[in-house]
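**Student:** next one to model:
(4 chains)
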2 protein chains.
Amino acid sequence: MTLHSTNPEGRKPVIRCAACPIADRAVCSYSTARELSLLEAIKTYRTYLPGDEIQATGETAPQVGSVVEGIVSLSRLMADGRRQMVGLLFPGDFLGRATRETAPYDAIAVGQVTLCQFDRRRFETLLRESPALNRRLLDMTLDELDAAREWMVLLGRKTAREKIASFIALTARRSRAPETPEGLHIALPLTREAMADYLGLTIETVSRQIGALKRDGLIILIDARHLVIPDLDALGAEAGDDVV
Amino acid sequence: MTLHSTNPEGRKPVIRCAACPIADRAVCSYSTARELSLLEAIKTYRTYLPGDEIQATGETAPQVGSVVEGIVSLSRLMADGRRQMVGLLFPGDFLGRATRETAPYDAIAVGQVTLCQFDRRRFETLLRESPALNRRLLDMTLDELDAAREWMVLLGRKTAREKIASFIALTARRSRAPETPEGLHIALPLTREAMADYLGLTIETVSRQIGALKRDGLIILIDARHLVIPDLDALGAEAGDDVV
DNA sequence: CGTGTCCTTGACATGATTCAAGGTACGTGG
DNA sequence: CCACGTACCTTGAATCATGTCAAGGACACG
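**Tutor:** Here you go, the predicted model:
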């Protein structure tokens, strides 16, 4: 089945697990070769275009799976249109909840996304028999919980400037940024609007605070979505985190 | 943590699991009688006084366990003294992480607290062999993650008035409040300061918004810590949540 | 009583939002 | 190839919600 459509959205040929780029971080990373072959038998790949809604609030998802490429945002929309992002999934992260049918937030593709998906019920069956999958899922959920709690501190107590500095520092950590003589070169994966929704700000405030960090020499803007961090420690100091 | 021999802080006689008030909600609620007897063999009870630090940020906890009575707050303290609460544990909730040695936040007793504790390493041994415990822990962690994400929406996007209304409505839901002819009668478990830390506000703003809800007839204050909700739906409408 | 903790209220300051305008980059159709 | 539309981003001025600072009240406890 090596048929590609012109549209990048849709099903894709299955990659062998042995060659999977996220094999060391994904939900299957504790699994034995035998278990991998069971997973391999039920997995399908699927790609989404930027802005595609992968799953809507309250919608029953027939599939769960791992993010292989790209970034997925999880966000909650209030009745009057206010939106708050509640999570950002990077490659290796798990999307969907094996033991729940629905999720109380929207999953939206940020940029182009490839997922390695499993039928939810078949995955759940495997889960019931596999301590390795169970344990891995628990560990990943604990990591997500830690990340959510760290974000609660940011949302509840940090200033706009600290929020922006935190986000840029986080991006630098998450994307192995190439180091040049001038500093770390990073690409911002989100639009100003998505950043605002992640940080609990408006897009104007995001724009102004990025401008302020630039004026203060903490970042060097190449264009709206690319920048250089001359001194990551100095930027981190603006983020208001105590040493962890 | 010093162990006082004087009541009420310290070790307590072990209650039989069969008579446990949180048996239906705790981490052991999926377990068979046989497994319960294994847990019973390693459990100890311990009580804490209001304000006691049950576990400090980064401190290695030799014990994990369930909240039996009282409320435990989880909070993060920033270097300059700003504090953000990142979770509230009610009876039945699990404190501590079986697969991690430390936690990045302080656990503090709100009011008097009784815990049913297990030695972390022995608990982990049981966990490795028990699908029921594993599954229950995963489900509870997913619930905590949902709660954390709901709180992110509150912290990032709600107004002070919505935050207060949300908190009072949450308290009404969590504590089976007695219904009187005038409405639901509830006790606020937190001081103004703790509410402020939970909601990402200052204590003055908390106090003013409670006053505003009172003036608008949405709540009737009995004293600073006790109030009546004449119409929970009306209060809920102030909380800014869409129907869930 | 006096002292400490918790809570409330007022006056004022300020950080972030809102409203408004314009700029840049990019793709599409004429 | 250019004009146009659209999405994304920036900037300024005014407003407003919330924080800050300050004072005092209520209550419990020794």
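**Student:** per-residue confidence for the most centrally placed residue in chain A?
**Tutor:** Nearest to the mean C-alpha position of chain A, counting by C-alpha atoms, centre = their mean, stands A:Leu89 at 1.9 Å. The predicted structure scores A:Leu89 at 98 on the pLDDT scale.
**Student:** and for A:Val243?
**Tutor:** You'll see A:Val243 listed with a pLDDT of 58.
**Student:** before we move on, what about A:Ile42?
**Tutor:** The predicted local confidence for A:Ile42 is 95.
**Student:** and it, backbone torsions?
**Tutor:** phi -110, psi 0 (degrees, to the nearest 10).
**Student:** surely it and A:Arg121 touch.
**Tutor:** No - because the distance of 10.1 Å does not satisfy C-beta atoms under 8 Å, A:Ile42 is recorded as not touching A:Arg121. (Glycine included, C-beta is placed from N, CA and C.)
**Student:** tell me which of the two has more neighbours.
**Tutor:** Relative neighbour count places A:Ile42 above the other of A:Ile42 and A:Arg121, with 13 against 10, counting by other C-beta atoms under 10 Å in any protein chain shown.
**Student:** quickly note the distance from that one to B:Leu138.
**Tutor:** Summarising the geometry, the distance separating A:Ile42 from B:Leu138, computed by C-beta to C-beta, to the nearest Å, is 20 Å.
**Student:** again with A:Trp151
**Tutor:** Spatial separation of A:Trp151 from B:Leu138 under the definition C-beta to C-beta is 21 Å.
**Student:** more neighbours, the two?
**Tutor:** Residue environment comparison for A:Trp151 versus B:Leu138 gives the larger neighbour count to A:Trp151, 28 against 21, counting by other C-beta under 10 Å.
**Student:** count of neighbours near the closest residue to that one other than its chain neighbours?
**Tutor:** The spatially closest residue to A:Trp151, leaving aside those adjacent along the chain, is B:Met152, at 5.9 Å (C-beta to C-beta, 6 or more residues apart in numbering or on different chains). B:Met152 has 26 neighbours, counted by other C-beta under 10 Å.
**Student:** pLDDT wise, what is B:Met152 at?
**Tutor:** According to the prediction, B:Met152 has pLDDT 98.
**Student:** beyond the helix or strand that contains it, next helix or strand please.
**Tutor:** If you go by DSSP states H and E, B:Met152 is part of helix B:131-157. Toward the C-terminus, helix B:131-157 is succeeded by helix B:160-174 as the next helix or strand (DSSP H and E).
**Student:** coming back round to it: which strands and helices lie in contact with the helix holding B:Met152?
**Tutor:** strand A:63-77, strand A:83-89, helix A:131-157, strand B:83-89, helix B:120-129, helix B:160-174 (3 or more C-beta pairs under 8 Å, 6 or more residues apart in numbering or on different chains; DSSP states H and E).
**Student:** so the residue nearest to the centre of chain A sits against A:Val72, correct?
**Tutor:** Yes - if you go by C-beta under 8 Å, A:Leu89 and A:Val72 touch, sitting 4.2 Å apart.
**Student:** domain ranges for chain A?
**Tutor:** Following the assignment in automatic domain parsing, chain A carries domains at A:10-155, A:159-238.
**Student:** tell me which of those domains lies nearest to B:Thr99.
**Tutor:** Between B:Thr99 and the domains of chain A, the shortest gap by C-beta to C-beta is with domain A:10-155, which sits at 6.1 Å.
**Student:** tell me the contacts of the residue of chain A found nearest DNA strand C?
**Tutor:** Across chain A, the shortest distance to DNA strand C (C-beta to the nearest atom of the strand) belongs to A:Thr205, at 2.9 Å. The contact partners of A:Thr205, taken as C-beta atoms under 8 Å, 6 or more residues apart in numbering or on different chains, are A:Ala160, A:Ala196.
**Student:** does any bit of the one helix or strand it maps to sit next to DNA strand D?
**Tutor:** Secondary structure from DSSP H and E places A:Thr205 in helix A:203-215. Yes - counting by C-beta under 7 Å from any atom of the strand, DNA strand D is contacted by helix A:203-215 at A:Ile203, A:Glu204, A:Val206, A:Ser207, A:Arg208, A:Ile210, A:Gly211.
**Student:** ok, and the most crowded of those residues?
**Tutor:** Each of the residues of helix A:203-215 next to DNA strand D was scored by neighbours using other C-beta under 10 Å; the highest score is A:Val206's, at 24 neighbours.
**Student:** so what's that one up against?
**Tutor:** Neighbours of A:Val206 in contact, by C-beta under 8 Å, 6+ apart: A:Ala160, A:Ile164, A:Arg192, A:Met195, A:Ala196, A:Leu199.
**Student:** what's the pLDDT at A:Glu193?
**Tutor:** pLDDT, A:Glu193: 98.
**Student:** that one against A:Ile203, yeah?
**Tutor:** Yes - in this structure, A:Glu193 sits in contact with A:Ile203. The criterion is C-beta under 8 Å, and the distance is 5.2 Å.
**Student:** secondary structure element for the nearest residue to A:Leu218 once chain neighbours are set aside?
**Tutor:** Once its chain neighbours are removed from consideration, A:Leu218 has its nearest residue in A:Leu235; the separation is 5.2 Å (C-beta to C-beta, 6+ apart). Taking DSSP H and E as the criterion, the element that holds A:Leu235 is helix A:232-238.
**Student:** what lines up beside the particular helix or strand that has A:Leu227 in it in the sheet?
**Tutor:** Taking DSSP H and E as the criterion, the element that holds A:Leu227 is strand A:226-229. Counting by DSSP bridges, the strands paired with strand A:226-229 are strand A:183-187 (antiparallel), strand A:220-223 (antiparallel).
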